[in-house]
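Trainee: Quick one, fold the following:
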Amino acid sequence: MMAPFQEPLPTVRPAVKDPLVSVLVCTYQHGPWIAGCLESIKAQRTDFPFEVLVGEDGSTDDTGSVCDRVTAGDPRIMVYHWGEGRRWCIEGCPTGRRNFMRLYAMARGRYVHFIDGDDGWLDPMKLQRQVDLLEADPACMGSYHQTAVKDGSGALTDPWRDQLPERMGIEQVVGLRAPFHPGSFIWRNTPAVRAMITGAEGWKAGSGDMWFYASAAAQGPLRRVDGLLSYYTRHGQGLSSRGLFARTNIHRLRILQWQRFDRLTAGRWRSHIDGLCDKHLDQVTGQAMTGTDRRRWCQALVEAPRYFLGRRRWARVLGAVRSAPTA
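Mentor: Modelled structure (predicted):
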């Protein structure tokens with residue numbers, strides 16, 4: 001079992017006293033996009049203080065220098081250059097999880113908002129509107145909104161998700177796909193949510209964004225604010241597009257993360273979670289698997305025997321695993 005996140009961190013903090021919101025910007029090889037992201041954050045108009053923690057994860061392009069140039073003279077923003085050190089890998093694939101965890105460990109806000117450095121916000125009142133909602137509804141654990149897709153030419157196209165409900169609980173958040181885009185989500189930084197995100201199960205989750213949505217929703221409902229308030233840049237160069245979710249991996253990783261979530265929440269939503277995992281297994285049946293896939297699916301059985309053993313779906317997948325060609 002992996003230990004909760006613990007690592008020596010920088011002591012220098014932004015010159016913002018008692019920020020209400022901490023904005024965490026994770027960036028790596030985002031030279032063409034990071035300036036737009038940071039400018040959209042700087043443009044926010046709020047009646048409360050907020051801090052911006054930028055983690056530059058050892059980029060070899062001009063991401064670091066652009067971060068320094070765009071944020072120079074803004075006391076709300078601190079840029080941390082982590083250098084080209086070892087990145088945390090999930091099953092051999094490098095991720096930005098360590099960068100996120102470092103920033104989150106330093107976040108002082110009552111609310112936290114994460115955004116990737118190649119995405120951005122469209123409305124200067126975005127943060128204010130979401131914080132107003134959270135302040136007015138203490139039971140609400142997070143807020144989301146619609147996100148536009150920005151194509152290679154820089155044009156904004158259709159929303160990332162067609163429609164978003166006004167309110168979501170675990171049953172809407174824990175699904176086959178992410179319910180909304182991470183660049184839209186702000187959550188209440190309570191000890192319970194922080195413990196779930198930074199704990200052993202959280203930082204090894206295959207889909208980190210879906211894990212922190214669920215961590216917040218486990219404590220209370222999430223609510224929408226109206227409008228197309230952020231954008232997602234579609235360019236196909238993200239770390240997760242380089243093999244982590246190839247072939248059947250995405251289904252196996254999602255099953256494992258939701259079974260971990262089930263254990264962490266003492267089976268409170270077990271019926272929903274097992275039903276979702278069944279849908280993932282259905283999508284795996286009949287797919288070709290390599291020898292590496294075979295070994296990983298067998299390891300999944302060892303980690304989550306309660307779920308897998310005795311399921312007819314698993315028997316069909318196991319048959320495919322056993323008959324797969326060696327690679």
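Trainee: Could I get the full set of strands for the stretch 101-250 of the chain?
Mentor: Listed in chain order, the strands of the stretch 101-250 of the chain (DSSP state E, counting those that start in this stretch) span 111-116, 120-121, 142-150, 156-159, 167-168, 186-188, 222-233.
Trainee: Residue 40 is in contact with residue 123, isn't it?
Mentor: No. Using Cβ atoms under 8 Å as the test, residue 40 is too far from residue 123 to be in contact (9.1 Å). Every C-beta, even on glycine, is put in place using the N, C-alpha and C of the backbone.
Trainee: which residue packs closest to residue 18, ignoring adjacent ones?
Mentor: residue 49 (6.6 Å; Cβ to Cβ, 6 or more residues apart in numbering).
Trainee: circling back to that earlier point, out of the strands of the stretch 101-250 of the chain, flag the one nearest residue 79.
Mentor: strand 111-116 (14.5 Å; Cβ to Cβ).
Trainee: Are there helices or strands packed against the closest one, and which ones?
Mentor: Strand 111-116 sits against strand 21-27, helix 34-42, helix 97-106, helix 126-136, strand 186-188, with contacts defined as 3 or more Cβ pairs under 8 Å, 6 or more residues apart in numbering; DSSP states H and E.
Trainee: Including mean neighbour count, could these go into CSV?
Mentor: Listed next are the helices and strands packed on strand 111-116 as CSV, based on neighbours: other Cβ atoms under 10 Å:
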stretch, mean neighbour count
strand 21-27, 25
helix 34-42, 21
helix 97-106, 21
helix 126-136, 19
strand 186-188, 25
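Trainee: any idea which of the ones you listed scores lowest on pLDDT?
Mentor: Least confidently modelled of the helices and strands packed on strand 111-116 is helix 97-106, at a mean of 92 by mean pLDDT.
Trainee: Show me what that one is packed against.
Mentor: Partner elements for helix 97-106 (3+ Cβ pairs under 8 Å, 6+ apart): strand 21-27, strand 50-56, strand 111-116, helix 191-198.
Trainee: Break the chain into its domains for me.
Mentor: What automatic domain parsing lists as the domains of the chain is 21-241, 249-323.
Trainee: residues touching the closest residue to residue 109 other than its chain neighbours, list them.
Mentor: Sequence neighbours aside, residue 22 is the residue nearest to residue 109 in space, at 3.5 Å (criterion: Cβ to Cβ, 6+ apart). Taking Cβ atoms under 8 Å, 6 or more residues apart in numbering, we find residue 22 in contact with 50, 51, 52, 53, 106, 107, 108, 109, 111, 112, 113, 189.
Trainee: Likewise for residue 82?
Mentor: Residue 82 neighbours (Cβ under 8 Å, 6+ apart): 55, 56, 57, 58, 99, 102.
Trainee: Quick check: phi and psi on it?
Mentor: Main-chain torsions, residue 82, degrees, to the nearest 10: phi -80, psi -10.
Trainee: rewinding a little: from the contacts of residue 22, pick the one nearest residue 15.
Mentor: Scanning those for proximity to residue 15, where the rule is Cβ to Cβ, the winner is residue 51, at 9.0 Å.
Trainee: tell me the pLDDT at the closest one?
Mentor: 97.
Trainee: That one contacts residue 19, doesn't it?
Mentor: Yes. Here residue 51 lies in contact with residue 19, judged by Cβ under 8 Å, at a distance of 4.1 Å.
Trainee: what about the two, which has more around it?
Mentor: Using other Cβ atoms under 10 Å as the criterion, residue 51 and residue 19 rank with residue 51 on top: 24 against 21.
Trainee: Who is the more buried one paired with across the strands?
Mentor: For residue 51, the beta-bridge partners are residue 22 (DSSP bridges).
Trainee: got it, and residue 143?
Mentor: residue 186, residue 223.
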